[in-house]
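Novice: task: produce atomic coordinates for the following.
(chains A, B, C, D, E, F and G)
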Amino acid sequence: MAVKPLEDRVLVKPVEQESVTASGLYLPESSKEKPIHGVVVAVGPGKRLDNGTIATMSVSKGDTVVYAAGYGATEVQVDGVDHLIMREAELLGVIHG
Amino acid sequence: MAVKPLEDRVLVKPVEQESVTASGLYLPESSKEKPIHGVVVAVGPGKRLDNGTIATMSVSKGDTVVYAAGYGATEVQVDGVDHLIMREAELLGVIHG
Amino acid sequence: MAVKPLEDRVLVKPVEQESVTASGLYLPESSKEKPIHGVVVAVGPGKRLDNGTIATMSVSKGDTVVYAAGYGATEVQVDGVDHLIMREAELLGVIHG
Amino acid sequence: MAVKPLEDRVLVKPVEQESVTASGLYLPESSKEKPIHGVVVAVGPGKRLDNGTIATMSVSKGDTVVYAAGYGATEVQVDGVDHLIMREAELLGVIHG
Amino acid sequence: MAVKPLEDRVLVKPVEQESVTASGLYLPESSKEKPIHGVVVAVGPGKRLDNGTIATMSVSKGDTVVYAAGYGATEVQVDGVDHLIMREAELLGVIHG
Amino acid sequence: MAVKPLEDRVLVKPVEQESVTASGLYLPESSKEKPIHGVVVAVGPGKRLDNGTIATMSVSKGDTVVYAAGYGATEVQVDGVDHLIMREAELLGVIHG
Amino acid sequence: MAVKPLEDRVLVKPVEQESVTASGLYLPESSKEKPIHGVVVAVGPGKRLDNGTIATMSVSKGDTVVYAAGYGATEVQVDGVDHLIMREAELLGVIHG
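Specialist: Take a look at the predicted model:
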């Protein structure tokens, strides 16, 4: 089964907190329970602009992304694994290296 | 009887939770009672843009769609069967396979 | 006496709940008291767009329309009969057949 | 003394509830105390659109108009008589006949 | 000392309530304490529109204007006299005669 | 040390209340503690408009400006002296003479 | 590990309060605990405008910037060091000298 996000949404598979700590990027004490980065599994076609054109997505399948925990995302399960669907604008950055 | 949605709305026939579990996509514990995917039964003409043109709908009749349970949708019954009318932007993604 | 709606408003004469049930379309338990469809009695000229032009109305006099009960509409009586004035965007769909 | 409304505002002289009942148009029980129609006494030049042009007013001096009671209007007295100043968009419709 | 308002603001010198009553225009009981009309002492250059141009002000120095008491205006004293600075859109109308 | 404001912001050095009273411009009783005018020390490049161009600032370095006390401004100290950074739109007017 | 901000966001490494005092710029008593300036470590591509083009960022890597403490920023750690990701519009100014 596959989910194709609509508009400017992305489907993200969160990375477990343990590996987050290993990579050296995590949120402060109060929000430690929730993962804050993940891997982009699928992207939508892009945001429809006021003039009717569709903007290019700023992330691609396979990108590791940072996002604020517990805000603006909907949790779904795909084949028994927790995923998140959120709008591209909810993503804070892309992790390299 | 048929209902033709207006503007960028879609008429969706929800899929029962049992089959949802079977297909491997469901919401976490707290929202298990409500179905989160359904089949598009009818679509409106599309959103009117600021420049007066009408945007193409991003889903079609027959698509299986994911949406957040209990938010932004109006429940109606068509020939005794529960349906939902919601705006296209409420849909999170389309399910394939 | 006649009321000509302004802007993108429509004047709707609600259809009684009994006939609603008969036609097979009604709201769930909690909102059963209020009719949710009606007949368009008069329409305004249409919404003025940002560029100054007037958009065409998406419903016409005589259409049977669905709308969410008790939201965004103003109740008025015309010649002793209850009517509603609401904006075109409050209408969810048009009923055929 | 005369008041010339600014922008897309209208100066309305409310019609007494008694005559409202006579003409067959009134609000339901809860809002019976306030008049809901009146006569347009003066109109502003019109709404300034985003592109800098001024839109034509949709009502004229002398029109009998319907509006929702007690919302979005400022009460003023002109030569000892109660009037209302409100924006054109607050008006629901024009009464004919 | 002179104050030149910025953007679409106007500097207004309120007219005392006594003279207001004399001219036949006042607010209802609840708001009798505050003046509701005044004389425009200075005007700003005008509102900057989305396309970068500046709109012409709809009132001029010397105009007697009506405004809703106690809302959206900042009180300042110029040479010991109470004045108000407010945006042009806060003004309801211009009084003639 | 110098601070260059970003976008349409201005860096303002407030003028002490004593001198404010001397110049004849002050706020009413309730807000007497805070200065309401100051001198513009530095200005940003200007507001970016929807069409991508940058609007010209309406005030310049050296202007004496009026603003509403305690609203929409961030207090900073530059070389030990209290200053305010606020957006150009927070300024009410420019004082001359 | 490196984080590339998305859209008009910047990754900022806050400067400790001690050095802030040394440079002569700090917030008043109530907010002394939080740093209010920092160094830009990475910038996003820029804000997407309504017409689909991308605006140029107003700050660059290496700039020392001022921002309001504790508002509109998300705290992240990069290689064990606290950083902030915020939108360009949250930055108040750039410090020179």
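Novice: what's opposite residue A:75 in the beta bridge?
Specialist: Applying DSSP bridges to residue A:75 gives these bridge partners: residue A:84.
Novice: was I right about it contacting residue A:83?
Specialist: Yes. If you go by CB atoms under 8 Å, residue A:75 and residue A:83 touch, sitting 7.5 Å apart. Every residue, glycine included, has its C-beta placed from N, CA and C.
Novice: what about those two, which has more around it?
Specialist: residue A:83 (21 against 16; other CB atoms under 10 Å in any protein chain shown).
Novice: name all residues that make contact with the residue of chain A found nearest chain D.
Specialist: Of all residues in chain A, residue A:50 sits closest to chain D, at 11.6 Å by CB to the nearest CB. Residues counted as contacts of residue A:50 (CB atoms under 8 Å, 6 or more residues apart in numbering or on different chains) are B:49-51, G:50.
Novice: residue contacts, residue A:86?
Specialist: Residue A:86 touches A:9-10, A:12, A:67, A:72-74, counting by CB under 8 Å, 6+ apart.
Novice: quickly note the distance from residue A:52 to chain C.
Specialist: 13 Å (CB to the nearest CB, to the nearest Å).
Novice: which strand residues bridge residue A:9?
Specialist: With DSSP bridges as the rule, residue A:9 is bridged to residue A:87.
Novice: which residues does it contact?
Specialist: A:43-44, A:85-88, B:92-93.
Novice: pick the one among those closest to residue A:37.
Specialist: residue A:86 (12.7 Å; CB to CB).
Novice: circling back: pLDDT check: weakest of the contacts of residue A:86?
Specialist: The weakest per-residue confidence within these falls on residue A:72 (80).
Novice: just to check, it is in contact with residue A:88?
Specialist: No. At 11.0 Å, residue A:72 does not count as touching residue A:88 under the criterion of CB under 8 Å.
Novice: okay, the two: which has more neighbours?
Specialist: Ranked by neighbour count (other CB under 10 Å), residue A:72 and residue A:88 place residue A:88 first, with 22 against 11.
Novice: confirm for me that that one is in contact with residue A:58.
Specialist: Yes. Using CB under 8 Å, residue A:88 is in contact with residue A:58, at 6.1 Å.
Novice: shared neighbours, those two?
Specialist: Counting by CB under 8 Å, 6+ apart, the residues touching both residue A:88 and residue A:58 are residue G:6.
Novice: ok, and the helix or strand in chain A with the lowest average confidence?
Specialist: helix A:17-23 (a mean of 48; mean pLDDT, DSSP states H and E).
Novice: ok, then the element right after that one?
Specialist: Downstream of helix A:17-23, the first helix or strand assigned by DSSP states H and E is strand A:37-43.
Novice: chain B contacts on chain A?
Specialist: Taking CB under 8 Å from any CB of the partner chain as the criterion, chain A approaches chain B at residues A:1-7, A:9, A:11, A:42, A:44-45, A:48, A:50-52, A:74-80, A:82, A:85.
Novice: any of those residues buried? List them.
Specialist: A:3-7, A:9, A:11, A:42, A:44-45, A:48, A:74-78, A:85 (16 or more other CB atoms under 10 Å in any protein chain shown).
Novice: over to the residue in chain A that chain E sits nearest to. Which of the three states is it?
Specialist: Using CB to the nearest CB, the single residue of chain A nearest to chain E is residue A:50, 11.6 Å away. In three-state terms, and counting by DSSP: H, G, I helix; E, B strand; the rest coil, residue A:50 is coil.
Novice: now the residue nearest the centre of chain A. Nearest residue, chain neighbours left out?
Specialist: In chain A, the residue lying closest to the centroid (CA atoms, centre = their mean) is residue A:12, at 4.1 Å. Excluding the flanking residues, the one nearest residue A:12 by CB to CB, 6 or more residues apart in numbering or on different chains is residue A:38, at 4.1 Å.
Novice: OK, contacts around the one you found?
Specialist: A:12-15, A:64-65, A:67, A:84.
Novice: cutoff 6 Å now
Specialist: A:12-15 (CB atoms under 6 Å, 6 or more residues apart in numbering or on different chains).
Novice: got it, and residue A:94?
Specialist: Residue A:94 neighbours (CB under 6 Å, 6+ apart): A:63, A:65, G:4.
Novice: now do the helix or strand where it lies against strand G:37-43, angle only.
Specialist: Counting by DSSP H and E, the element that carries residue A:94 is strand A:91-96. Put simply, strand A:91-96 runs at 70 degrees to strand G:37-43, going by axes from the mean of the first three to the mean of the last three CA atoms, to 10 degrees.
Novice: buried ones in strand A:91-96, by neighbour count?
Specialist: A:91-95.
Novice: list the pairing partners of it within its sheet, with orientation.
Specialist: By DSSP bridges, strand A:91-96 pairs with strand A:64-67 (antiparallel), strand G:2-5 (antiparallel).
Novice: what's next to the first one, contact-wise?
Specialist: In other words, strand A:64-67. Contacts of strand A:64-67 (CB under 6 Å, 6+ apart): A:37, A:39-40, A:59, A:90-95.
Novice: residue A:39 and residue A:14 touch, don't they?
Specialist: No. The pair residue A:39 / residue A:14 is not scored as a contact, 8.3 Å apart, by CB atoms under 6 Å.
Novice: if you count what's nearby, which of the two comes out ahead?
Specialist: residue A:14 (20 against 16).
Novice: ok so, going back, let's have the contacts of residue A:9 in CSV, adding pLDDT.
Specialist: Listed next are the contacts of residue A:9 as CSV, based on pLDDT from 0 to 100:
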residue, pLDDT
A:43, 98
A:44, 98
A:85, 95
A:86, 95
A:87, 95
A:88, 95
B:92, 95
B:93, 96
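Novice: and which of those is nearest chain G?
Specialist: Among those, and counting by CB to the nearest CB, the member closest to chain G is residue A:88, at 7.8 Å.
Novice: who's in contact with the closest one?
Specialist: A:8, A:10.
Novice: surely residue A:57 and residue A:47 touch.
Specialist: No. Between residue A:57 and residue A:47 there is no contact under CB under 6 Å: 8.3 Å.
Novice: model confidence score at the residue of chain A found nearest chain C, please.
Specialist: Of all residues in chain A, residue A:50 sits closest to chain C, at 9.3 Å by CB to the nearest CB. We have a pLDDT of 80 for residue A:50.
Novice: got it, and residue A:26?
Specialist: Taking residue A:26 on its own, its pLDDT is 50.
Novice: which non-adjacent residue is nearest residue A:48?
Specialist: residue A:54 (5.7 Å).
Novice: in this structure that neighbour contacts residue A:46, no?
Specialist: Yes. Taking contacts as CB under 6 Å, residue A:54 lies within contact range of residue A:46: 4.5 Å.
Novice: and residue A:82, what does it touch?
Specialist: Counting by CB under 6 Å, 6+ apart, residue A:82 has no contacts.
Novice: work out for me the element it sits within.
Specialist: With DSSP H and E as the test, residue A:82 turns up in strand A:81-87.
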